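Participant: For reference, the sequence and a predicted model appear below.
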Amino acid sequence: MILNHLSLPASGPEVGGKPTALPSKAIVIREVNLGYDETTWQGEDRTRENVVGTTDTQTTAGTTGAESGSTRRKLHCCIRVTTVQVQKALWGVAMVMCVCSSWAGSTQLAKLTFKQFDAPFTLTWFATTWNCLFFPLYYIGHLCKSPERQTPRQRFRECCRFFGDDGLTPKVFFTKVAPFGLLWILTNYLYLQALRKINTTDVSALFCCNKAFVFLLSWIVLRDRFMGVRIVAAILAIAGIVMMTYADGFHSHSVIGITFVVASASMSALYKVLFKMVLGSAKFGEAALFLSVVGSANFVFISFVPIILYFTHVEYIGSPQDIPWAYLCGVAGLLFAFNILVNFGIAITYPTLISLGIVLSVPVNAMVDLYTCEIHFNTVRLIAVFIICLGFLMLLLPEDWDQCIIQLSTKLRKRDEPAEGNGEAGATTGLNWRGRTRTSMSTFAH
């Protein structure tokens, strides 16, 4: 709370909410003693003028003090709001860098891992198992910040209400959790398969098309609002996919990789739309519990698949010593950090900045690929990457972006008009110019 010190004028009791000046000594004497001579009256008049003049000066000073207090209060409010916005923006810049580095780092490290450990499904299973850590980490944060501390069982039961009144029952698990677990595994597995076929720049750029797929599915399934700018963005994304395929001459190797990454983006979009349709929106604790359940189910029910792939020599591992555990843990840790930032970063910054970090990973991967000489940037590929990223940025526009631009231009025009009027008023009057200028400055501060 901001405390304001108000300067009150030295005046008498208030009548009708306005301060009244105390009667002067000369007026009181005139009412009691009616026999003073002319000299006495002149002295009394001079005394009255001095007292009244003093009272008027004090009243003016009080008014000025009140205006100063109001201006100070508005200034403090503006500074307070601006500080919060600047702090959130700074957090956003840090979040953009973290999201970009974690996503680009996991992509590049996974590409290096396949040179020593060509087992994409095993890597998917290993990285998904790390999701079990979401709820324990959330509970630690709950103990640190929440004034009402609950036991793990109490917090678990409270978050289980997200699945329904009965909580997390076997029926709820197989109907509302298991399908999302399969979509999660397919999204990551297809993405890693694409990395085995094509370079990381193309994979990260094509995966940005999932934003356009989310819009199309939401428009068809959820009956979301139709927006022309997002339709244009979806067309740009599809055109980018076609141009990216054409950039390598429609070779079978690149076509398969592009198919994998487009399928991965489609699975990601389907996951997001179905989650919104079936489960709705989730709080932080509920989201952490859901992801931990997905990770636990992956460890319990999917562990047999890597074993089968090992014995069938589909993903064969010579010996445990040949497994690059540092690379595996690095990929899993970066993906885990990326999911934390994407799912819980909105608590400290704007969601648009988080999405911006994903698209910025495309130029980062391009620089790494260019440095390692694993990519040839022809004109078609550059145009394809550009229009896909442009479509992604267009999808970040709010629904009322056109109205916001109109309101902003209107406010800018109104802001310039009072400034010109105040300048003309200041040329004619002295005291009023100062008062109006002060009011205009406080208005501009907001």
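Facilitator: It's in.
Participant: which residues touch residue 160?
Facilitator: With contacts defined as CB atoms under 8 Å, 6 or more residues apart in numbering, residue 160 is in contact with 167-168, 289. C-beta coordinates here come from the backbone N, C-alpha and C atoms, glycine included.
Participant: let's go with 10 Å and repeat that
Facilitator: Applying CB atoms under 10 Å, 6 or more residues apart in numbering to residue 160 gives the contacts 166-169, 172, 286, 289, 293.
Participant: residue ranges with poor pLDDT in this protein?
Facilitator: Applying pLDDT under 70 to the chain flags residues 1-81, 250-252, 374, 400-403, 416-446.
Participant: In TSV, list the contacts of residue 160 along with distance to residue 308, secondary structure and neighbour count.
Facilitator: Shown next, in TSV, are those (distance: CB to CB, whole Å; DSSP: H, G, I helix; E, B strand; the rest coil; neighbours: other CB atoms under 10 Å):
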residue	distance to residue 308	secondary structure	neighbour count
166	34	coil	10
167	33	coil	14
168	28	coil	20
169	30	coil	13
172	28	helix	15
286	34	helix	20
289	30	helix	24
293	24	helix	23
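Participant: now the strands for the stretch 51-200 of the chain?
Facilitator: Assigned by DSSP state E, counting those that start in this stretch, the stretch 51-200 of the chain shows no strands.
Participant: distance of residue 238 from residue 207?
Facilitator: In this view, residue 238 and residue 207 are 14 Å apart by CB to CB, to the nearest Å.
Participant: Burial check on residue 406, number of neighbours?
Facilitator: Neighbour count for residue 406, taken as other CB atoms under 10 Å: 11.
Participant: mind checking which helix or strand it is in?
Facilitator: Assigned by DSSP states H and E, residue 406 falls within helix 401-428.
Participant: contacting residues around the residue lying closest to residue 348 once chain neighbours are set aside?
Facilitator: Distances taken as CB to CB, 6 or more residues apart in numbering put residue 91 closest to residue 348, at 4.7 Å, once the chain neighbours are dropped. Applying CB under 10 Å, 6+ apart to residue 91 gives the contacts 345, 347-350, 353.
Participant: Now the residue nearest the centre of the chain: phi and psi?
Facilitator: In the chain, the residue lying closest to the centroid (CA atoms, centre = their mean) is residue 350, at 1.4 Å. The phi/psi pair for residue 350 (degrees, to the nearest 10) reads phi -80, psi 140.
Participant: How much space separates the residue lying closest to residue 186 once chain neighbours are set aside from residue 254?
Facilitator: In this structure, residue 186 finds its nearest non-sequential neighbour in residue 267, 4.8 Å apart by CB to CB, 6+ apart. Using CB to CB, residue 267 is found at 20 Å from residue 254.
Participant: Mind checking which of the two has more residues around it?
Facilitator: Per other CB under 10 Å, whichever of residue 267 and residue 254 has more neighbours is residue 267, with 22 against 19.
Participant: Same question for the host helix or strand of residue 288: list its buried residues.
Facilitator: Assigned by DSSP H and E, residue 288 belongs to helix 284-301. Neighbour-count burial for helix 284-301, with 16 or more other CB atoms under 10 Å as criterion, is recorded at 285-299.
Participant: How about stretch 112-119?
Facilitator: Residues of stretch 112-119 classed as buried: 113-114, 117, 119 (neighbour count, 16+ other CB under 10 Å).
Participant: which residues sit against it?
Facilitator: Contact with stretch 112-119 is made by 110, 120, 123, 125-126, 192-193, 195-196, 306, 309-310, 314-317, 322-328, 330-331, 372, as judged by CB under 10 Å, 6+ apart.
Participant: try 8 Å this time
Facilitator: 120, 123, 192, 195-196, 306, 309, 315, 317, 322-324, 327-328, 331.
Participant: for stretch 288-296, same thing?
Facilitator: Applying CB under 8 Å, 6+ apart, the contact partners of stretch 288-296 are 128-138, 156, 159-160, 162, 168, 173, 177, 180-181, 184, 279, 282, 339, 343-344.
Participant: let's go with 7 Å and repeat that
Facilitator: Residues outside stretch 288-296 that contact it (CB atoms under 7 Å, 6 or more residues apart in numbering) are 128-132, 134-135, 138, 156, 159-160, 168, 177, 180-181, 184, 282.
Participant: out of those, which are inside helices?
Facilitator: 128-129, 134-135, 138, 156, 159-160, 180-181, 184 (DSSP state H).
Participant: any idea which of those residues is closest to residue 217?
Facilitator: Set against residue 217, the nearest of those by CB to CB is residue 180 (14.9 Å).
Participant: contacting residues around the closest one?
Facilitator: 271, 275, 294.
Participant: nearest residue to the first one other than its sequence neighbours?
Facilitator: Take residue 271 and drop its neighbours on the chain: the residue closest to it by CB to CB, 6+ apart is residue 183, 4.3 Å away.
Participant: from memory that neighbour sits against residue 266, does it?
Facilitator: No. Using CB atoms under 7 Å, residue 183 is not in contact with residue 266, being 10.0 Å away.
Participant: which neighbours do these two share?
Facilitator: With CB under 7 Å, 6+ apart, residue 183 and residue 266 have no common neighbours.
Participant: List the buried residues for stretch 216-231?
Facilitator: Applying 16+ other CB under 10 Å to stretch 216-231 flags 216-219, 224, 227, 230 as buried.
Participant: related to what we said a few turns ago, would you mind checking the contacts of stretch 112-119 for buried ones?
Facilitator: Buried by 16+ other CB under 10 Å: 120, 123, 192, 195, 306, 309, 315, 317, 323, 327-328, 331, out of these.
Participant: Name the nearest residue to residue 275, sequence neighbours excluded.
Facilitator: Closest residue in space to residue 275, ignoring its immediate chain neighbours: residue 180 at 6.4 Å, by CB to CB, 6+ apart.
Participant: correction: residue 388
Facilitator: Excluding the flanking residues, the one nearest residue 388 by CB to CB, 6+ apart is residue 240, at 3.6 Å.
Participant: which of the contacts of residue 180 lies closest to residue 395?
Facilitator: Looking across the contacts of residue 180 and measuring by CB to CB, the closest to residue 395 is residue 271, at 17.0 Å.
Participant: Quick check: which element contains that closest one?
Facilitator: Using DSSP H and E, residue 271 falls within helix 252-278.
Participant: and that helix, what does it pack onto?
Facilitator: helix 178-197, helix 200-207, helix 210-220, helix 228-247 (3 or more CB pairs under 7 Å, 6 or more residues apart in numbering; DSSP states H and E).
Participant: so how far is the last one off the chain centroid?
Facilitator: Read it as helix 228-247. For helix 228-247, the distance from its own C-alpha centre to the chain's C-alpha centre is 26 Å (CA atoms, centre = their mean, to the nearest Å).
Participant: Just the angle for it relative to helix 210-220, thanks.
Facilitator: Helix 228-247 and helix 210-220 are oriented at 130 degrees to each other (axes from the mean of the first three to the mean of the last three CA atoms, to 10 degrees).
Participant: and helix 228-247, what does it pack onto?
Facilitator: For helix 228-247, the packing partners by 3+ CB pairs under 7 Å, 6+ apart come out as helix 200-207, helix 210-220, helix 252-278, helix 379-395.
Participant: Done for today, thanks.
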